[in-house]
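Asks: Any chance you can model this:
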Amino acid sequence: MKTIRITDGKTTIRAVLNGTMAAKDLEKRLPFECSGSDSGIDFCCPIPRGIFDPVECQTGWKNGDICLCNGWFAILYGGEEQSKSFGTVMIVGHILEEDLPLVKEFPEQVTFTVEAEK
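Replies: Coordinates of the predicted model:
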């Protein structure tokens, strides 16, 4: 499994991609930049829609999941308890547990660089 780095230039978090078709498609896009904002439970950034297998979608998420769904790249850091009410999502990875607290250091409006860990 591939480890990626997500940074705003000051704070860096690492995540491990899973084996889904969408994660493999995301890996082919690396490196890329995306800009978005903090909703209070996630950072959402619009990106071009990619390739995915609808069978691999799931209902809800775990805090720390990385989502690539319907043209959005999202760092899902909260809301796990209510997440099933949001419908199906395409989870492509998960933030390393030791890096999850660092998500709070990102500014409300952010530009991320997403790249493969070297």
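Asks: residues touching the nearest residue to Cys69 once chain neighbours are set aside, list them.
Replies: The shortest distance from Cys69 to any non-neighbouring residue, by Cβ to Cβ, 6 or more residues apart in numbering, is to Met90 (4.5 Å). Where you see a C-beta, it was placed from the backbone N, CA and C, and this is true even at glycine. Residues in contact with Met90 (Cβ atoms under 8 Å, 6 or more residues apart in numbering) are Thr20, Ala22, Phe52, Glu56, Cys57, Gln58, Cys67, Leu68, Cys69.
Asks: now the helices for the chain?
Replies: 21-29 (DSSP state H).
Asks: quick one: low-confidence ranges for it?
Replies: For the chain, no stretch has pLDDT under 70.
Asks: quick one: Thr20 from Glu108, how far?
Replies: From Thr20 over to Glu108 the distance is 29 Å, taken as Cβ to Cβ, to the nearest Å.
Asks: okay, those two: which has more neighbours?
Replies: Thr20 (20 against 9; other Cβ atoms under 10 Å).
Asks: Test my guess that the more buried one contacts Val92.
Replies: Yes: the pair Thr20 and Val92 qualifies as a contact (Cβ atoms under 8 Å) at a distance of 6.0 Å.
Asks: how many neighbours does the closest residue in space to Cys45 that isn't next to it in sequence have?
Replies: Nearest non-adjacent residue to Cys45, counting by Cβ to Cβ, 6+ apart: Gly36, 3.2 Å away. By the criterion of other Cβ under 10 Å, Gly36 has 19 neighbours.
Asks: Identify the residues contacting Gly36.
Replies: Contacts of Gly36 (Cβ under 8 Å, 6+ apart): Phe43, Cys44, Cys45, Pro46, Phe73, Gln109, Val110, Phe112.
Asks: For Lys24, see how far away it is.
Replies: Distance from Gly36 to Lys24, by Cβ to Cβ: 23 Å.
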